[in-house]
Every structure is written in structure tokens, then in C-alpha cells.
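Student: here you go, sequence then predicted model.
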Amino acid sequence: MTLQDVFTVNLRKYRKQAALTQEKLAELCDTDPRYIGQLETGRRCPSFAYIEKIASALSIAPYQLFYDELETAAVVMNIERKRQIKTALIERVSQGIQSVIDELC
């Protein structure tokens, strides 16, 4: 997913969570509702100043408009999978060592 895709998804998500229409968000940001629609469809890209304005109107930190929850979830899943593999390997090695000790004793 591109950064612009992440932005458009998050803008729509946070606007809806705030129970705001595009018109109301536009009013809070002192802009035209069509501009908000264009942002949400990826036809326009906002300036940094406007990103701050949107975030303020939505009562969120600006970075949240660019936070990719799916990518973060994938990283967390990957870390968990590596931990599972490591645990399984340690268990198998321990069993192998124990069987060698049992044969020697």
C-alpha cells in the first residue's frame, strides 16, 4: 500500500470515528468539502500545514494519518512466527540432547 493510500484510508477512518461528514470536516478545516472528498479518494495531496489542520480537527496526532496498521500487524505476526520457530527448535534440540544423555547413562 502506498503512503497516499494509507493516508486516504486513515483520513476516512478517523473522520468517520469522529462522526464527521466531509462537509463538517471541511468547515472545521476552513476549506471546500470537495477538497476533503478529493483527499479521501487520493486525487489530491495535502500540504504539511493542511495535514496538521486535519489532524487537529480530528483530535489526532498528524502521524496517525500515515500509520499503516496492516504493515505493523504483519511485522508483529512475523516476530511471533520467529519466536514460535525458535521455541520449537530449542525444544527439539533439548529432546535430542536428552536422548543422547539417556543412551550414554
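Tutor: Thanks, I have the structure now.
Student: ok, and the closest non-adjacent residue to Gly42?
Tutor: Thr8 (4.9 Å; Cβ to Cβ, 6 or more residues apart in numbering). All C-beta atoms are positioned from the backbone trio N, CA, C, and that covers glycine.
Student: residues contacting the one you found?
Tutor: With contacts defined as Cβ atoms under 8 Å, 6 or more residues apart in numbering, Thr8 is in contact with Leu39, Glu40, Thr41, Gly42.
Student: what about 10 Å?
Tutor: Met1, Thr2, Gln38, Leu39, Glu40, Thr41, Gly42, Arg43, Arg44, Cys45, Leu65 (Cβ atoms under 10 Å, 6 or more residues apart in numbering).
Student: element containing it?
Tutor: helix 3-17 (DSSP states H and E).
Student: next: Gln38.
Tutor: Going by DSSP H and E, Gln38 is in helix 33-40.
Student: picking that back up, the residue nearest to Gly42 and Glu103, how far apart?
Tutor: Thr8 sits at a distance of 63 Å from Glu103 (criterion: Cβ to Cβ, to the nearest Å).
Student: and for Leu11?
Tutor: Relative to Glu103, Leu11 is positioned 65 Å away (Cβ to Cβ).
Student: could you do Thr2 as well?
Tutor: As judged by Cβ to Cβ, Thr2 and Glu103 stand 58 Å apart.
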